[in-house]
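>>> pasting the sequence and the predicted model now:
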Amino acid sequence: MKHDELLGRVLGPGTQELTCEQCFEELDRYVELEVAGEPADERVPGMRAHLEGCPACAEDFRSLRDLVAGEQER
Amino acid sequence: MATALMTTPTQMPADSPPCAWVERLRADGPERQAAVAELHGLLLKAARFEIGRRGAEVRHLRGGDQEDLAQQAADDALMAVLRKLDSFRGESRFTTWAYKFALLEAAVKVRRRAWQGREVPLEEEAWEALADAGAGTERPVEEAELFAALRGEIERSLSPRQREVLVAVALNDVPIDVLAERLGSTRGALYKNLHDARRKLRRALAARGFPFGAGGEEEL
């Protein structure tokens, strides 16, 4: 594991972030903003930091983003 | 919740039509039954999508077992969606909102199945990663000092629960849902432990002169 990655895992994003519950609540809106190319991080502050800090929520985000983006392509 | 983290609601037009899905799911009789069946089909599709993308984790499961897992995830997600229908705010499409429940249910089930019968790795194994990171003659002295200090602060500054969660999730790749199940806790509660641990470590390292401020972090 690279040192930066190790430090990132241990010390986290170091900025204000949403909780897991808030992340789940906002996930659908955040994903649609991102897939539409809208400023998702601006509209849902604290989401990006949480996704950097929480591996499980980050996986949930990637899954929903890929599912929604795939549907839109069809 | 910190004011800075208040999210900006998507502006919905005042005359925005009510969500057809919600209306059908609140109807009576055959209309509702049809809507529930249709919704279950969508949730099952999302659950299969999630299980399909987790190929390595479900490799040991036979096709029938994977389908059972998808069905269980879709069933549980359907219950969750119907229970939380009043909380749908119309800030995304209904299907996007509903999908997230199926993806979550499927992901949690796969993670737990993949860890069934496996021990959570011991703390000592994680120390090796930190020790390796600080070792080696080619490493700058500052880096070796940083990792030594970090290990010291993990042992000294954190509560046993904070250390347990940090080591398992951040160093040993134990899925937080699996750890939550083993400890009789929740993802949210354990993430708060992790967040608080990280904040303590940043502050302790900053106090020792390392460039890691708390970054204006507030409590979760």
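Great, that's in hand.
>>> CA only for contacts and neighbour counts going forward, please
OK.
>>> what helix or strand is the residue nearest to the spatial centre of chain A located in?
With distances taken as CA atoms, centre = their mean, residue A:51 lies nearest the centre of chain A, 3.8 Å away. Taking DSSP states H and E as the definition, residue A:51 sits inside helix A:47-53.
>>> cool, residue A:68 as well?
helix A:55-73.
>>> who's in contact with that helix?
A:20, A:23-24, A:27-28, A:31-32, A:35, A:50-52, B:46, B:49-50, B:96, B:99-100, B:103-104, B:107, B:175-177 (CA atoms under 8 Å, 6 or more residues apart in numbering or on different chains).
>>> now which of these would you call buried?
A:20, A:23-24, A:27-28, A:31-32, A:50-52, B:46, B:49-50, B:96, B:99-100, B:103-104, B:107, B:175-177 (16 or more other CA atoms under 10 Å in any protein chain shown).
>>> take these and keep only those in strands.
Applying DSSP state E to the buried ones among the contacts of helix A:55-73, no entry is found in strands.
>>> ok, the nearest residue to residue B:115 once chain neighbours are set aside - how many residues close by?
Nearest residue to residue B:115, sequence neighbours excluded (CA to CA, 6 or more residues apart in numbering or on different chains): residue B:178, at 7.2 Å. Close neighbours of residue B:178, defined as other CA atoms under 10 Å in any protein chain shown, add up to 23.
>>> residues from chain A in reach of chain B?
Residues of chain A lying near chain B by CA under 8 Å from any CA of the partner chain: A:3, A:6, A:9-12, A:14-21, A:24, A:27-29, A:32, A:43-46, A:54-56, A:60, A:63-64, A:67-68.
>>> buried members of those residues into PyMOL, please.
To isolate the buried subset of the residues of chain A next to chain B in PyMOL, counting by 16+ other CA under 10 Å, use the following:
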select buried, chain A and resi 6+9+10+11+12+14+15+16+17+18+19+20+24+27+28+29+32+43+44+45+46+54+55+56+60+63+64+67+68
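>>> just the residues of chain A next to chain B: which are in helices?
Mapping the residues of chain A next to chain B onto helices (DSSP state H) picks out A:3, A:6, A:9-11, A:20-21, A:24, A:27-29, A:32, A:43, A:55-56, A:60, A:63-64, A:67-68.
>>> give me the longest helix you can find in chain B.
Longest helix in chain B, counting by DSSP H: helix B:29-53.
>>> quick check: buried residues in that one?
B:32, B:35-36, B:39-51.
>>> compute the inter-axis angle for the worst-scoring helix or strand of chain A on mean pLDDT and helix A:55-73.
When the helices and strands of chain A are scored by mean pLDDT, DSSP states H and E, helix A:3-11 comes last with a mean of 90. Here the directions of helix A:3-11 and helix A:55-73 differ by 110 degrees (axes from the mean of the first three to the mean of the last three CA atoms, to 10 degrees).
>>> alpha carbons only: can I get helix A:3-11 in PDB?
The C-alpha trace of helix A:3-11 is given here as PDB (Å, rounded to 0.1, in the frame of the first residue of the first chain):
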ATOM      1  CA  HIS A   3       2.100   5.800   2.000                       C
ATOM      2  CA  ASP A   4      -0.300   8.400   0.900                       C
ATOM      3  CA  GLU A   5      -3.100   5.900   0.600                       C
ATOM      4  CA  LEU A   6      -2.200   4.500   4.100                       C
ATOM      5  CA  LEU A   7      -2.200   7.900   5.600                       C
ATOM      6  CA  GLY A   8      -5.500   8.700   3.900                       C
ATOM      7  CA  ARG A   9      -7.100   5.600   5.200                       C
ATOM      8  CA  VAL A  10      -6.000   6.200   8.800                       C
ATOM      9  CA  LEU A  11      -6.500   9.900   9.000                       C
END
